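J.: what's the 3D shape of this:
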Amino acid sequence: AIQFPSLPEPAATSLDDEANCRRNSTEGFPENSTKGPHMTMPERLLDKEFLIFDCQATESRPDKGDILELAWLRFHAADPLETYQSRIVSTLIRLPDGQKIPRQVKRVTGLRDEDLADGTPLESAWLQLMTTVSEIRSRHPGPCPTIIHFARYEGPYLQHLHQRFAADQPFPFDILCTYK
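T.: Modelled structure (predicted):
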């Protein structure tokens, strides 16, 4: 049987720690919001749209690795649950010429080099993601509320993509980290 290592108990966090996981915490929410010491929440979360984002890469740092897959979902809590599966976007990214997926990454992700041979160019995937972000921002001005489970990993990749393809524009994501 496979034995997974036990995870350490999460450290007690303060509101300051949670706030550190967010960027632009008060931007993009309506003026009639309920304001706390570190965050602003709309009165009705059912009226808010979010982007749920994930990525896979060859390394933990964007300056050292290549993105293998980008995935996202435009989430609106008031929508019927059965509609979400069809709205998940998962895009395999073509690796730069000569690059291979490291063996350990293959084990973790289940991806193989041949899976990416017909992958999408990274810039095309970025533009597709930005189309979804623009749709959300058209209904809710300001940075796009973006839910990421482990933002210390995905956040730098979003920053890197933004710098590479849209550095002349403000960073379009308001990242909400669910890990800490």
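J.: would you verify that residue 179 is located in a strand?
T.: No - Residue 179 is assigned coil when assessed by DSSP: H, G, I helix; E, B strand; the rest coil, not a strand.
J.: number of nearby residues for it?
T.: Residue 179: 11 surrounding residues under other Cβ atoms under 10 Å. Where you see a C-beta, it was placed from the backbone N, CA and C, and this is true even at glycine.
J.: which non-adjacent residue is nearest it?
T.: Distance criterion Cβ to Cβ, 6 or more residues apart in numbering; nearest residue to residue 179, sequence neighbours excluded, is residue 150 at 4.7 Å.
J.: element containing residue 75, please.
T.: Following DSSP states H and E, one finds residue 75 within strand 67-76.
J.: adjacent strands (with direction) for that strand?
T.: strand 49-57 (antiparallel), strand 89-92 (antiparallel) (DSSP bridges).
J.: off-centre distance for the last one?
T.: This points to strand 89-92. Relative to its parent chain, strand 89-92 has a centroid offset of 13 Å by Cα atoms, centre = their mean, to the nearest Å.
J.: can you give me the buried ones in stretch 108-118?
T.: Buried residues in stretch 108-118, counted by 16 or more other Cβ atoms under 10 Å: 111, 116.
J.: using PDB, write out every CA atom in that stretch.
T.: Taking Å, rounded to 0.1, in the frame of the first residue of the first chain, the C-alpha atoms of stretch 108-118 are listed here in PDB:
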ATOM      1  CA  VAL A 108       3.800  14.000  -9.900                       C
ATOM      2  CA  THR A 109       1.800  15.300 -12.800                       C
ATOM      3  CA  GLY A 110       1.300  12.200 -14.900                       C
ATOM      4  CA  LEU A 111       2.300  14.300 -18.000                       C
ATOM      5  CA  ARG A 112       4.600  12.900 -20.600                       C
ATOM      6  CA  ASP A 113       6.700  14.800 -23.200                       C
ATOM      7  CA  GLU A 114       4.600  13.500 -26.000                       C
ATOM      8  CA  ASP A 115       1.500  14.900 -24.300                       C
ATOM      9  CA  LEU A 116       2.900  18.400 -24.900                       C
ATOM     10  CA  ALA A 117       4.100  17.900 -28.400                       C
ATOM     11  CA  ASP A 118       0.900  19.400 -29.800                       C
END
